[in-house]
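Visitor: No letters, just coordinates:
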């Protein structure tokens, strides 16, 4: 399964590489750049939801791998330190996902995305599996960036993850202009509203873009 952009086997092959090679239950590949977060490949609906949850909350192994440039390995999210990612820990508690393993994608010194892996049973990755995951991540990076770039210059399928993410960035830009704040602060406001209302950040962004929702008055 792809991210919803299309059914091209090239997209699906990226995430399937990790599923087959590491015997895991979920994999998603996200490229981060000028167009924001672009989910270019996923192994299925559960992997998409795990990535979307972290994207919307702005915390979790995905974001830590992105900010530190190092793999983040969580063998059992049920027993992980809740203070590390309080919102993520609360939201993931009722999920079937147990282990989450996030690996940063690099081009030179720059972190350009994250591979998020998951399993539905407890247990960490052994040293050989971690080495394999790092090697696989390195192997798919250029292809993932190329696919994300292609999607950024296409119209995007209606309702696709990429199309929804574009609305997030459009809404962020609108809030930058309306509130005279930085893009970071504008996105934080969008995400905080979504969290407070228990809605996907993409849905809130769509309402902002369509002017069905005004986030300039300071109240949720």
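Guide: Sure, I can see it. All figures in this text were calculated on a predicted structure; none of them were measured in a lab.
Visitor: May I see the buried residues of stretch 80-96?
Guide: Neighbour counts over stretch 80-96 (16 or more other C-beta atoms under 10 Å) mark 80, 85, 87, 88, 89, 91, 92, 95 as buried. Where C-beta positions appear, they are placed from N, C-alpha and C, glycine not excepted.
Visitor: between those, which is nearest residue 199?
Guide: Checking those against residue 199 with C-beta to C-beta, the nearest one is residue 91 at 12.7 Å.
Visitor: Provide a list of residues in contact with the closest residue in space to that closest one that isn't next to it in sequence.
Guide: Closest residue to residue 91 apart from its sequence neighbours, by C-beta to C-beta, 6 or more residues apart in numbering: residue 53 at 5.8 Å. By C-beta atoms under 8 Å, 6 or more residues apart in numbering, residue 53 lies in contact with 60, 88, 91, 92.
Visitor: Now, these that are in helices?
Guide: 88, 91, 92 (DSSP state H).
Visitor: name the element the residue nearest the centre of the chain belongs to?
Guide: By C-alpha atoms, centre = their mean, the mean C-alpha position of the chain lies nearest to residue 51, the distance being 3.8 Å. For residue 51, the element it lies in under DSSP states H and E is helix 45-57.
Visitor: Could you list the buried residues of that helix?
Guide: Residues 46, 47, 48, 49, 50, 51, 52, 53, 54, 55, 56, 57 are the ones in helix 45-57 that count as buried (16+ other C-beta under 10 Å).
Visitor: Then stretch 166-178?
Guide: For stretch 166-178, using 16+ other C-beta under 10 Å, the buried residues are 166, 167, 168, 169, 171, 172, 174, 175, 176.
Visitor: Same question for stretch 66-75.
Guide: The neighbour-count criterion (16+ other C-beta under 10 Å) identifies 66, 71, 72, 73, 74, 75 as the buried residues of stretch 66-75.
Visitor: quick one: which of those residues is nearest residue 191?
Guide: Out of the buried residues of stretch 66-75, the member with the shortest distance to residue 191 (by C-beta to C-beta) is residue 66, at 15.1 Å.
Visitor: Of the buried residues of stretch 66-75, which belong to helices?
Guide: Per DSSP H, these map to helices at residue 66.
Visitor: I'd like the buried residues of stretch 66-75 laid out as CSV, including distance to residue 113 and pLDDT.
Guide: Below are those laid out as CSV (distance: C-beta to C-beta, whole Å; pLDDT from 0 to 100):
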residue, distance to residue 113, pLDDT
66, 8, 93
71, 13, 97
72, 14, 97
73, 18, 97
74, 19, 95
75, 23, 94
